[in-house]
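Chemist: After the sequence you'll find the predicted model.
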Amino acid sequence: MRIGIVTFHFSNNFGAALQAYALRRWLTEAGYCADLINYSPSHVEHGGDIRFSVSRRAILSNLKVIYLKQAHLRTQLFGNRRQRHLFERFRRENLGISGQKYTKLSELELIGDNYDLLICGSDQIWSPSVQYGLDPAYFLKFGKVPRRISYAASFGSADYETLTTCDIRKLLDGLDEISIREDSGVDLVRMISGVKGTKVVDPTALLPSYQHLIDSAESVDDEGHLFCYALRTDAGVREISQFVSSKLGLEVVAPRNPHSRWRAIGSTRHPGPNEWLALIARSSFVVTNSFHGTLFSLLLKKPFLVAAIPGKKVGLNDRMESLLKSVGLHERLVYDVNKGAISGLLEIPIDWESAFEKLSRQIGHSERFLIRQIELAATPKSIA
C-alpha cells in the first residue's frame, strides 16, 4: 500500500507545515508508505504568471500576482534567514520530501500511477485564488489511481457563489470520498454536489504528542509568557494581548510570521515549526486569531482567547467557530474587544477534561474514516 498526499507542505507557515507533517506521520506510524508529493505551484505563494489582457478579471489577477511576487522578493531579501533555515530543515528532516519538485498538473501525470491511494490533504487547498481560481491538482485530477479522497480539506472563506463560478462541482465529482474540516465546508459540499461529506479533525489533532518536536527546538529560552500569534491581521489580537498581558502580568512574546505586514506585537521571535510549538508549550496564556494557533493551544492545554477576524475576511472565523463549538469552548472566541467580558473569561477555568472527551470522540471518528478509505483502496473494485 503506497499513499500519496498533495497539500501545502512547502509554505513557510507554521500550521501548513505541521498539518502536512501530522497526516504523513499518522499514516507511517499506522504502517503505510506515505509520501508528500512535492507539488509546489508558483501561483500559491509566488503569484504565478502575468495575464496579457485588459479585462477586469485579468487586471485584478495581475495586481495579485505583482503583490505576491514583491512580497516574496521582500521576504527573500529582508526576511529572517535563520527562520527560513529552520523551515527548510523542518521540511528536510520531518516531511520526508525527496526527488523532483513538480510545478504543473501535467507533471504529476508521470507519478500518479505509482500510488494505491491519493489524499488531498488539509489546509485551505480548496480556497480559490484571485489569479488562478481552483487548482485541479488539489482535487487529484491526475494519474490512474484506485482511490482518491480528501482529508480535512478547507474552503477558507470562499462562499457558494464563488465556488460555483469556479465550476467546483466537476472537480469534486472526481473524488471517491470527501471529508472536510469545518461545518461550513460540509454545508458547501452538500449544496454544490449533493454529497454528504464527512467532517473530520485537522490532521494535527490525530497525533497524541508533539513532545519530540518541542524537545528538538532550537534556543527557546522563553517561559511563562503570553504567546501572541496573529495571522492575516493584527486587528483585535493586539488589543486583547495587551489587555491580558496587563491583567496577568505576562510578557508578550510574538512569533514573526514570514507573511505578516504589521508592526511587532510585544517581543518578536523568529521560530521554525519546532520552535513555534515550544513557544506555545512554554507559555502561560495564548491569544491568537489562527486556526492552528487555537488548535495547538487546545492540544497543549494552554489557557487561550481567540480574536475573531474582522472585515472582509470574517468568513475565516468559521474554522475557529467549528473547532471551538465541537469541544464546548465557543465562548473563548472573542468578537469585540470588550474588556469587561474579557476579564470575566480570564476568571473562568477551561474544563480540559470535558473538551478532550469531546475531541477524543472526533479523533476516533476521523481515524476510522481514514482506515476505511485505506481498506477500500486495498480492495479490488470487483470485490468491493
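Modeler: Received it, and whenever you're ready, just let me know what you need. Source: prediction; values computed, not measured. Numbers count the residues shown, from 1 in each chain.

Chemist: Can you give the domain ranges for the protein?
Modeler: The chain breaks down into these domains under automatic domain parsing: 2-206+360-378, 211-350.

Chemist: and stretch 149-160, which residues are buried?
Modeler: 149-158 (16 or more other CB atoms under 10 Å). (Each C-beta comes from the backbone N, C-alpha and C, glycine too.)

Chemist: Over to stretch 363-380?
Modeler: 363, 366, 369-370, 373-374, 376-377.

Chemist: export it as PDB, just CAs?
Modeler: Taking C-alpha atoms only, stretch 363-380 is exported to PDB below (Å, rounded to 0.1, in the frame of the first residue of the first chain):
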ATOM      1  CA  ILE A 363     -10.400  11.800  16.600                       C
ATOM      2  CA  GLY A 364     -11.800   8.300  16.800                       C
ATOM      3  CA  HIS A 365     -14.300   9.000  14.100                       C
ATOM      4  CA  SER A 366     -11.600  10.600  11.900                       C
ATOM      5  CA  GLU A 367      -9.200   7.700  12.300                       C
ATOM      6  CA  ARG A 368     -12.000   5.200  11.400                       C
ATOM      7  CA  PHE A 369     -12.700   7.300   8.300                       C
ATOM      8  CA  LEU A 370      -9.000   7.100   7.200                       C
ATOM      9  CA  ILE A 371      -8.700   3.400   8.000                       C
ATOM     10  CA  ARG A 372     -11.900   2.600   6.000                       C
ATOM     11  CA  GLN A 373     -10.500   4.600   3.000                       C
ATOM     12  CA  ILE A 374      -7.200   2.700   3.100                       C
ATOM     13  CA  GLU A 375      -9.100  -0.600   3.200                       C
ATOM     14  CA  LEU A 376     -11.200   0.300   0.200                       C
ATOM     15  CA  ALA A 377      -8.100   1.300  -1.700                       C
ATOM     16  CA  ALA A 378      -6.500  -2.000  -1.000                       C
ATOM     17  CA  THR A 379      -9.600  -3.900  -2.100                       C
ATOM     18  CA  PRO A 380     -10.100  -4.600  -5.800                       C
END
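
Chemist: Let me see the residues that make contact with it.
Modeler: With contacts defined as CB atoms under 8 Å, 6 or more residues apart in numbering, stretch 363-380 is touched by 1, 3, 26-27, 30, 32, 116-117, 146-147, 149, 151-152, 176-177, 179, 198, 200-201, 205-206, 384.

Chemist: What is the burial count for the residue lying closest to residue 157 once chain neighbours are set aside?
Modeler: Leaving aside its sequence neighbours, residue 157 sits nearest to residue 315 (CB to CB, 6 or more residues apart in numbering; 3.1 Å). If you count neighbours by other CB atoms under 10 Å, residue 315 ends up with 15.

Chemist: Quick check, residue 315 in contact with residue 162.
Modeler: No. Using CB atoms under 8 Å, residue 315 makes no contact with residue 162, being 10.2 Å away.

Chemist: Am I right that residue 306 sits in a strand?
Modeler: Yes. Under DSSP: H, G, I helix; E, B strand; the rest coil, residue 306 falls within a strand.

Chemist: Roughly how far does it sit from residue 147?
Modeler: 36 Å (CB to CB, to the nearest Å).

Chemist: And the two? Which one has more around it.
Modeler: Taking other CB under 10 Å, residue 306 and residue 147 do not tie; residue 306 has more neighbours (28 against 23).

Chemist: so how far is residue 88 from that one?
Modeler: Taken as CB to CB, the span from residue 306 to residue 88 is 30 Å.

Chemist: Separate out the buried members of the contacts of stretch 363-380.
Modeler: Looking at the contacts of stretch 363-380 with 16+ other CB under 10 Å, the buried ones turn out to be 3, 26-27, 32, 116-117, 146-147, 149, 151-152, 176-177, 179, 198, 200-201, 205-206.

Chemist: If you rank every helix and strand of this structure by mean pLDDT, what lands last?
Modeler: helix 56-78 (a mean of 72; mean pLDDT, DSSP states H and E).

Chemist: That one: what's the following helix or strand?
Modeler: helix 81-94 (DSSP states H and E).

Chemist: Quick check: what element follows that following helix along the chain?
Modeler: Next along from helix 81-94, by DSSP H and E: helix 105-108.

Chemist: Give me the contact list for that following helix.
Modeler: Outside helix 105-108, the residues touching it (CB under 8 Å, 6+ apart) are 37, 39, 102, 135-137, 141-143.

Chemist: List the buried residues in it.
Modeler: residue 108.

Chemist: What helices and strands are in contact with the helix or strand just after that helix?
Modeler: The element immediately downstream of helix 105-108 (helix or strand, assigned by DSSP H and E) is strand 117-120. Taking 3 or more CB pairs under 8 Å, 6 or more residues apart in numbering; DSSP states H and E as contact, the helices and strands that strand 117-120 lies on are strand 2-6, strand 147-150, helix 352-378.
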